Every structure is written in structure tokens, then in C-alpha cells.
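K.L.:
fold the following, please.
(one chain, ligands or ions: 2)
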Amino acid sequence: MIDAIIFDLDGVIVDTAKYHFRAWQRLAAHLDIHFTPEDNERMKGISRSDSLDKLLALGGKSYSERDKQKFCLIKNTWYLELTQNINPSGILPGIVAFLDHLESEGIKLALGSASKNARKILDAVKLTHRFDVIVDGNDVSKSKPDPEVFLKGAQALGIAPQHIIVVEDSAKGIDAAISGGFLTVGLGSEDHLSHADIVLPSLEHITLGFLQSHISKTVS
Ligand code: B16
Ligand code: MG
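P.N.:
Ligands and ions are numbered 1, 2, ... in the order given. Model (predicted):
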């Protein structure tokens, strides 16, 4: 029985994962670090400061805390530049119809994002009012794959994890949801998300009934 769905933001609700990638790519070039889409895939879903540590490790570089804070600020400035004109056209295909459908089925909706910009982005695409609960990077101390962000969401919803589906585009996010005891939908490629209960290319034309029957088949 599914009572709620917790959605990741970047790469699930909004097409912003590509802007995080571009901003990290720009910082990598600035620091003379070779950075590939595969490297980016492993950074998806984790906090800004943990992402920077991974980037610096890739380049074998070490900097002071002060420099690292500066690099995080620079990356975020570039990310905000890239997203400054974001509007409802940046919502990923099928999302609005799926939210409408879930609402009509009485399913509670939450957001569980690692991003400290989540509320800003949700406001810009005019979806803030659609969520009963929002937990973002400002509310947690541990980055995915720790389940804190999703467990806080479940607690605020007052619903047990085994009755909640987490929808995620990142491998680390699926790890987080599994370790928190949630059901999982991976959005994207099987290559990175095969540990999810099911993997879908998008949420277009997806119904609650489909998820319920498919997930229960997978986990039974
Ligand atoms: P910020 P999500 C994550 O958001 C992104 O996937 C990840 O690429 C980003 O580094 C992280 O948020 C932190 O974002 O720098 O905006 O605080 O996918 O969990 O919604
Ligand atoms: Mg994501």
C-alpha cells in the first residue's frame, strides 16, 4: 500500500541536473581537473561540499577549508546564473500530470532534495504549493547516500518508509532510499540505477496502479 511519494528535485522534477553538471565542469576546468559525464554521474544527489571533495580527489588536489568554501560559492554562482531564467517549461515531461494524478488518488507528496537551492527552483517553476512537505539541503546534516533527507520527509508526513516510494535520478539517492527502508523508482538508465525496485525512462504516462503492481511484484 502506497500512501506517499517523495520526489528528488534535480533530474526528477526539474531539468536542472544538466546545469549542476555544467557548473562543476566549469569549476573543474578552472582548477585544471579532468571531469567527465561519468564522474558527474557519481556526484549526482550529494551535497555541494561533498561534491567538491570528490572533484578535488579526482584531480588529486588539496585546498584549505577557506579555499573550498570559495570554490563552493563560485560553483553556486555559476549554477544560479545558468538557472536564472528557469520557468515552468523546465519541468520534466509527465511531472505535472503525474502530480495531478497522485493528488486525485489521495497520495501525499513530498520533496527530498540535497540542494540548498531547492525552494528557489521550486518557486521558479511554480510547484512549491504542490508539496505537503519539503526537505532540502538546508534541513539535513548528512548527504545522500545517508537516508536523513528521506527519513525527515517521512517523519513530517507521518507515514512509515515502507508505504512511501522515493523517486530518484541518482545512484546515491537510491542507496539513501534503500537504506531508509523506502520503495524506490529510479529515473534514467539501468546502468546507474539497477539497484532501484524499478527503473523508468521518465514519469510520462505512469500511474499509481502501475507503480503499485510493479513494485510489489519486484519486492515480493
Ligand atoms: P546545491 P537533488 C542535488 O539535488 C543535485 O543532484 C546535486 O548535483 C547537487 O550537487 C546537490 O543537489 C546540491 O545542490 O549546490 O544546489 O545545494 O538531485 O538531491 O535534488
Ligand atoms: Mg537528483
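K.L.:
who touches the lowest-mean-pLDDT helix or strand in the chain?
P.N.:
In the chain, the helix or strand scored least confidently by mean pLDDT, DSSP states H and E is helix 208-219, which has a mean of 83. The contact list for helix 208-219 (CB atoms under 8 Å, 6 or more residues apart in numbering) reads Ile2, His101, Leu102, Glu105, Ile107, Ile165, Leu183, Val185, Asp197, Ile198. Quick note: C-beta positions are derived from backbone N, CA and C, even for glycine.
K.L.:
low-confidence stretches in this structure?
P.N.:
Confidence mapping of the chain against pLDDT under 70 gives the ranges 217-220.
K.L.:
where is the longest helix in it?
P.N.:
In the chain, with assignment by DSSP state H, the single longest helix is helix 65-82.
K.L.:
buried residues, the helix or strand hosting Phe21. List them.
P.N.:
For Phe21, the host element (DSSP states H and E) is helix 17-30. Using 16 or more other CB atoms under 10 Å as the test for burial, helix 17-30 gives Ala17, Tyr19, His20, Phe21, Ala23, Trp24, Gln25, Arg26, Leu27, Ala28.
K.L.:
which residue, other than its chain neighbours, is closest to the first one?
P.N.:
Using CB to CB, 6 or more residues apart in numbering and skipping the chain neighbours, the partner closest in space to Ala17 is Gly11 (3.5 Å).
K.L.:
how close does that neighbour sit to Glu168?
P.N.:
Distance from Gly11 to Glu168, counting by CB to CB, to the nearest Å: 8 Å.
K.L.:
more crowded one of the two?
P.N.:
The residue with more neighbours, out of Gly11 and Glu168, is Glu168; 30 against 22, by other CB atoms under 10 Å.
K.L.:
pretty sure the more buried one is touching Ile178, no?
P.N.:
No: with contact defined as CB atoms under 8 Å, Glu168 does not reach Ile178; the gap is 10.0 Å.
K.L.:
need the overlap of contacts for the two.
P.N.:
Each of Thr184 lies in contact with both Glu168 and Ile178 under the rule CB under 8 Å, 6+ apart.
K.L.:
all strands of the chain, in order?
P.N.:
Using DSSP state E, the strands found in the chain span residues 4-7, 108-112, 133-135, 164-168, 183-187, 198-200.
K.L.:
pick the most deeply packed of the ones you listed.
P.N.:
Scoring these by mean neighbour count under mean count of other CB atoms under 10 Å gives strand 164-168 as the most buried, with a mean of 28.
K.L.:
sweet, I'm off.
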